[in-house]
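**Student:** Quick one, structure for this:
(one chain, ligands or ions: 1)
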Amino acid sequence: MILGILLSGRGSNFAAIAENVLTGKLPCEIGCVISNVSSAPGLERARYWGLNSYFLDPTAKDRVAYDAEVIKKLRAHNVDYVCLAGYMRLLGAEFVNAFPNQILNIHPSLLPAFPGLHAQRQALQHGVRFSGCTVHFVDTGLDSGPIILQAVVSVLPDDTEESLSARILKEEHRIYPEAIRLLCERRVQVEGRRVRILP
Ligand code: GRF
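**Tutor:** So this is what the prediction gives:
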């Protein structure tokens, strides 16, 4: 199974996935890493690891044209699954339909609560006792596709956005590779909105 990674920034989720792949703990390969931000630290790390790494410049292109360029690159590397890892662009319908139920995302809340930006801040402001993270398939909505895995963390009385984000991030780094493992083992079955994990 071949993964394509899309990222825009720090790339710690990408690193968690790559460490599992490069040490043989995940039975798949990383075909390519693509960023829409030339200075993304995640892209730097991908280059350091010798992975096929690309900055694709989104300036002066509409979404359809840019997405088409990204799809072309993913196809050139025979990618089976696309992992969004802090990729700060919405995917157009053409992109989503080009990889049906083959695009994953990680989001730092227990969806469907707190979609969109600053999910950890939204959780704190709302006063929830628990938050967490979600690995889900990507559909054409905002953080709205079928849920594969979730992890729960407590929200503590003295939490700041930073401390809550750090607690959640630790779980992100655990469940994103875990979700990929389930896909590698062909144990993920999508039934409408529900995802069944086969034994
Ligand atoms: C993570 O919090 C992830 O849940 C969200 O964007 C952030 C990316 O962080 N989608 P990183 O680039 O993987 O470190």
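**Student:** What helices and strands are in contact with the longest helix seen in the chain?
**Tutor:** In terms of residue count, the longest helix belonging to the chain (DSSP state H) is helix 161-184. Helix 161-184 is packed against helix 12-22, strand 81-84, strand 103-107, helix 119-126, strand 130-137, strand 147-154, with contacts defined by 3 or more Cβ pairs under 8 Å, 6 or more residues apart in numbering; DSSP states H and E. To be clear about C-beta, it is placed using only N, CA and C from the backbone, and glycine gets the same treatment.
**Student:** Of these, which is nearest the ligand?
**Tutor:** Checking these against the ligand by Cβ to the nearest ligand atom gives helix 12-22 as the closest, at 3.1 Å.
**Student:** Let me know whether the closest one sits next to the ligand.
**Tutor:** Yes. Counting by Cβ under 6 Å from any ligand atom, contacts between helix 12-22 and the ligand involve 12-13.
**Student:** Now do the helix or strand just after that helix against helix 12-22: the angle between them, please.
**Tutor:** Sequence order places strand 29-35 as the next helix or strand after helix 12-22, per DSSP states H and E. If you take axes from the mean of the first three to the mean of the last three Cα atoms, to 10 degrees, strand 29-35 sits at 160 degrees to helix 12-22.
**Student:** Take the helices and strands packed on helix 161-184 and write them to TSV, including mean neighbour count.
**Tutor:** Conversion of these to TSV gives the following (neighbours: other Cβ atoms under 10 Å):
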stretch	mean neighbour count
helix 12-22	21
strand 81-84	24
strand 103-107	24
helix 119-126	18
strand 130-137	23
strand 147-154	17
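**Student:** can you put these in TSV and add mean pLDDT?
**Tutor:** Shown next, in TSV, are those (pLDDT from 0 to 100):
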stretch	mean pLDDT
helix 12-22	98
strand 81-84	98
strand 103-107	98
helix 119-126	98
strand 130-137	98
strand 147-154	98
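**Student:** With respect to residue 34, which of those lies nearest?
**Tutor:** The closest of the helices and strands packed on helix 161-184 to residue 34 is strand 81-84. By Cβ to Cβ, the value is 9.2 Å.
**Student:** Can you name the residues in contact with the helix or strand that the closest one is followed by?
**Tutor:** Downstream of strand 81-84, the next assigned helix or strand under DSSP H and E is helix 93-98. The contact list for helix 93-98, computed with Cβ atoms under 8 Å, 6 or more residues apart in numbering, reads 64, 67-68, 70-71, 103, 138-140.
**Student:** hang on, the earlier thing: can you lay out the helices and strands packed on helix 161-184 as a markdown table showing distance to residue 38?
**Tutor:** A markdown table is the format used below for the helices and strands packed on helix 161-184 (distance: least, Cβ to Cβ, whole Å):
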| stretch | distance to residue 38 |
| --- | --- |
| helix 12-22 | 16 |
| strand 81-84 | 18 |
| strand 103-107 | 22 |
| helix 119-126 | 26 |
| strand 130-137 | 27 |
| strand 147-154 | 31 |
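**Student:** Please enumerate residues in contact with stretch 49-62?
**Tutor:** The contact list for stretch 49-62 (Cβ under 8 Å, 6+ apart) reads 18, 22, 30-38, 40, 43, 46-47, 66, 69-70, 73, 77, 89.
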